[in-house]
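> Please find the sequence and the predicted model below.
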Amino acid sequence: MTFRDLMLDKVLLDNIQHKGYTRPTPIQRQTIPHIINGRDVIGCAQTGTGKTAAFALPIIHSLGVTSHTRYIRALVLSPTRELAAQIGDQFAVYSRNTPLRHTVIFGGVGQNPQEKAIRNGIDILVATPGRLLDLINQGVVRLNKLEIFVLDEADRMLDMGFIHDVKRIMKVLPKQRQNLLFSATMPQEITALSKQFLVKPVRVEVNPQSSTVEKINQSIYFVDRPDKKKLLKHILTTEEIERVLIFTRTKHRANNLAKQLTKANLPAEAIHGDKSQTARTRALSNFRSGKTRILVATDIAARGLDVEAVSHVINFDLPNIPESYVHRIGRTARAGADGIAYSFCDVDERPYLKDIEKLIGERVTVNNSHPYVSDVPKPEPTPKEEEKTKSNKNSRNRRRRRNRNRNRNKNPQ
């Protein structure tokens, strides 16, 4: 199937071709027709599979590529500034040569330019919850004529505590509207929320919710906590690593690690929620351009950071939320490329590894060929292995029962 088979407007097809794409990804192929037909949709696919284009393309098609209004007809709600900016970039690419206008609003920067863009008239608004609520309360943003509402990375909204803000925003939206919910994972809380505002939605689940990208080579390094920095420097200096994203659990550790790497002649920058938006944008720009090949981040970058040619992801700290592991390593192996994910695990993080392996349904390969190996624990069985063990046990029990019955028949009392 090609994009032409999806019956998209010719202007959109030209823009897609200009972008260099010819065939839709599975999530795009399965959701775009439903969205064009006005259906509510739940789209669930692993990160890096083209979810943004899956809703951006049909929204532009549905709003009409030859008309422009002075009111907001589509709203995309995003959990982070970086993701909002990237969604805005994709709308800019796909709406090229159309009169449709869009803008992106988020906190951490002055609101005057954002307010001016809205007052000049836009069709599509991409926003983070906090800044959107501020501008709604100030009367700058009016959503009474909204036609399409998109909740992107819904599970991240839950993780970041935005659900109450989302509910407040939904209260001011028109009741008659099309609703689209996209996410890489779908915890029960999000499923419950979806039932509150989606109407007979089509559910599209391209891959198992928490599966990891098959092209990512994953490995775990058991290491004592004091040796983690030594191991990291060892990997960065002995392996060919083009561009690496390193995840820590705290902002302080991200800053500290970036400084220590830079002192060791391994220039690095940090990105997290306490950084100013200017600093975050600069660090991300340097990383994208290749000026900086090492970016140290907290989970703020696990979603919404779409950088081509990230060859490696390193979990300096294992996440205590297993779903975050899926999103972190999904920053590599983008757009069909291969990727490598290394994870460091000290003794206190072993329960986190157990939860991760349970979630992804497979065991992460252990790497013992490094100079800082700590005691390797006996691996816990994965759900598949537990199921196989249970099945084997049941088979043995059945054989024993058959043998007992056979013996009774041979030797009746």
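Looks like it arrived, so ask away.
> Okay, now the unreliable bits of the stretch 201-350 of the chain?
Counting by pLDDT under 70, the stretch 201-350 of the chain has low-confidence residues at 207-214, 301-304, 334-337.
> quick one: the strands in it?
For the stretch 201-350 of the chain, applying DSSP state E, counting those that start in this stretch gives strands covering 202-205, 216-222, 244-247, 268-271, 294-297, 312-315, 339-345.
> mind giving me a markdown table with those strands and columns for mean neighbour count and distance to residue 393?
C-betas here are computed from N, CA, C, even on glycine. Formatted as a markdown table, the strands of the stretch 201-350 of the chain follow (neighbours: other Cβ atoms under 10 Å; distance: least, Cβ to Cβ, whole Å):
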| stretch | mean neighbour count | distance to residue 393 |
| --- | --- | --- |
| strand 202-205 | 16 | 32 |
| strand 216-222 | 20 | 28 |
| strand 244-247 | 26 | 39 |
| strand 268-271 | 24 | 49 |
| strand 294-297 | 26 | 45 |
| strand 312-315 | 25 | 35 |
| strand 339-345 | 24 | 30 |
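> So which of these is nearest residue 132?
The minimum distance between residue 132 and those falls on strand 268-271, with 22.7 Å, by Cβ to Cβ.
> circling back: and residue 154, which of the strands of the stretch 201-350 of the chain is closest to it?
Closest to residue 154 of the strands of the stretch 201-350 of the chain is strand 202-205 (Cβ to Cβ; 13.0 Å).
> how far is that closest one from where the chain is centred?
17 Å (Cα atoms, centre = their mean, to the nearest Å).
> what lines up beside that strand in the sheet?
strand 41-44 (parallel) (DSSP bridges).
> Of the strands of the stretch 201-350 of the chain, which is nearest residue 284?
Across those, residue 284 has its closest neighbour in strand 268-271 (6.4 Å, Cβ to Cβ).
> residues in contact with that closest one?
Residues outside strand 268-271 that contact it (Cβ atoms under 8 Å, 6 or more residues apart in numbering): 246, 254-255, 257-258, 261-262, 279-280, 283-284, 286-287, 292, 294-298, 300-301.
> got the CA positions of it in PDB?
Below are the C-alpha coordinates for strand 268-271, written out as PDB (Å, rounded to 0.1, in the frame of the first residue of the first chain):
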ATOM      1  CA  ALA A 268      28.000  16.300  27.000                       C
ATOM      2  CA  GLU A 269      24.900  18.400  27.800                       C
ATOM      3  CA  ALA A 270      22.000  17.800  30.100                       C
ATOM      4  CA  ILE A 271      18.300  18.300  29.400                       C
END
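> Any chance of TSV for the strands of the stretch 201-350 of the chain, columns distance to residue 172?
TSV is the format used below for the strands of the stretch 201-350 of the chain (distance: least, Cβ to Cβ, whole Å):
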stretch	distance to residue 172
strand 202-205	26
strand 216-222	41
strand 244-247	36
strand 268-271	32
strand 294-297	33
strand 312-315	39
strand 339-345	41
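> Correct me if wrong: residue 45 contacts residue 51.
Yes: with contact defined as Cβ atoms under 8 Å, residue 45 reaches residue 51; the gap is 5.9 Å.
> intersection of neighbour lists for these two?
Taking Cβ under 8 Å, 6+ apart as the criterion, residue 45 and residue 51 both touch 27, 184.
> how many neighbours does residue 68 have?
When counting by other Cβ atoms under 10 Å, one arrives at 15 neighbours for residue 68.
> Now do the same for it: helix, strand or coil?
Three-state secondary structure (criterion: DSSP: H, G, I helix; E, B strand; the rest coil) places residue 68 in coil.
> hmm, which of the contacts of strand 268-271 are the buried ones?
246, 254-255, 257-258, 261, 280, 283-284, 287, 292, 294-298, 300-301 (16 or more other Cβ atoms under 10 Å).
> what sits against the closest residue in space to residue 44 that isn't next to it in sequence?
In space, and not counting its chain neighbours, residue 44 is closest to residue 205: 4.4 Å by Cβ to Cβ, 6 or more residues apart in numbering. With contact set as Cβ under 8 Å, 6+ apart, residue 205 has these partners: 44, 45, 186.
> just for the stretch 1-150 of the chain, where's the confidence low?
By pLDDT under 70, the low-scoring segments of the stretch 1-150 of the chain are 47-48.
> I am finished for the moment; much appreciated.
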